[in-house]
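Novice: Model the following, please.
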Amino acid sequence: MTAAGIERVVTAGTFSLDGGTWEVENNVWILGDDTEAVVVDPAHDADAVVTALGRRRLTAIVCTHAHDDHVGAAPALADRTGAPVLLHPDDLDLWRLTHPDRAPDRFLTDGQTLTVAGTPLTVLHTPGHTPGAVSLHLPDLGAVLTGDTLFAGGPGATGRSYSDFPTIIRSIRDRLLTLPPRTAVHTGHGDSTTIGAEAPHLAEWIARGH
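Specialist: Below is the predicted model:
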């Protein structure tokens, strides 16, 4: 890349919570240009992320939420690169389930703006899948990274500990579906979508949740 852009790296591993373990594939997102980058949700395999980064300087490791399949490789990646790990404080309890001896380096706040390669990333607190779930809006690139809050086809799961269906619906309705319809939605798992493609289905999702 010569201008700022978005790259996807897919890693495979497991997700464990509430006594269950599932095989999963995760999207790891790299934001930046040829010289510097931010990594979002380093899942499972720090080596794969380091390889994808190449010689770029990693300025931050941003976790959209603290489920183990999204933060598992964060400390190892931080150790390899010197980049700080950023997480919303409302997900600290979940973080400690995976990394009891290593705290995040900095906390994310709603409305905070991060910058990589001259491109702003606005932090949107979008709880529901977890209490501290965030999305990252990149208006200059016409994109939002939603973690496990919004997928192609509907909201993220809310059937496990620390999650709440009415809360995730409010987050999607009030924080995400208000973005421009052409905004690309890059998710924590699976294919990307757009705000315009998902917005018409809000009533269906609410009905399914009752």
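Novice: tell me the mean pLDDT over stretch 124-134?
Specialist: Model confidence over stretch 124-134 averages 98 on the pLDDT scale.
Novice: Quick check: nearest residue in space to A152, chain neighbours excluded?
Specialist: If the residues on either side of it in the chain are set aside, A152 comes closest to T193, at 3.8 Å by C-beta to C-beta, 6 or more residues apart in numbering. Heads up, the C-betas are built off the backbone N, CA and C, glycines and all.
Novice: go on, T130?
Specialist: H65 (4.3 Å).
Novice: Would you mind stating the distance between that neighbour and L86?
Specialist: Applying C-beta to C-beta, to the nearest Å, the value for H65 to L86 is 12 Å.
Novice: what's around the residue nearest to A152, how many residues?
Specialist: Around T193 there are 18 other residues, counting by other C-beta atoms under 10 Å.
Novice: one step back: hang on, isn't the residue nearest to T130 packed against H125?
Specialist: No: counting by C-beta atoms under 8 Å, H65 stays clear of H125, with 10.8 Å between them.
Novice: okay, and the common contacts of those two?
Specialist: By the contact definition C-beta atoms under 8 Å, 6 or more residues apart in numbering, H65 and H125 are jointly contacted by 88, 132-134.
Novice: need the helices for this structure, in chain order.
Specialist: 46-53, 68-71, 74-81, 92-98, 165-171, 195-198, 202-208 (DSSP state H).
Novice: TSV please, covering those helices and showing mean neighbour count.
Specialist: What follows is the helices of the chain, written out as TSV (neighbours: other C-beta atoms under 10 Å):
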stretch	mean neighbour count
helix 46-53	18
helix 68-71	25
helix 74-81	19
helix 92-98	18
helix 165-171	19
helix 195-198	18
helix 202-208	12
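Novice: I'd like the ones you listed laid out as a markdown table, including mean pLDDT and distance to I61.
Specialist: Formatted as a markdown table, those follow (pLDDT from 0 to 100; distance: least, C-beta to C-beta, whole Å):
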| stretch | mean pLDDT | distance to I61 |
| --- | --- | --- |
| helix 46-53 | 98 | 9 |
| helix 68-71 | 98 | 9 |
| helix 74-81 | 98 | 5 |
| helix 92-98 | 98 | 13 |
| helix 165-171 | 97 | 23 |
| helix 195-198 | 98 | 26 |
| helix 202-208 | 90 | 31 |
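Novice: mind putting these in CSV, distance to R8 included?
Specialist: As requested, the helices of the chain are exported to CSV (distance: least, C-beta to C-beta, whole Å):
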stretch, distance to R8
helix 46-53, 9
helix 68-71, 14
helix 74-81, 16
helix 92-98, 23
helix 165-171, 23
helix 195-198, 18
helix 202-208, 25
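Novice: Which one, of these, ends up nearest to S16?
Specialist: Distances from S16 to each of these were compared using C-beta to C-beta; the minimum, 5.8 Å, belongs to helix 68-71.
Novice: Report the helix or strand with the lowest average pLDDT across the protein.
Specialist: The weakest-scoring helix or strand in the chain, judged by mean pLDDT, DSSP states H and E, is helix 202-208 (a mean of 90).
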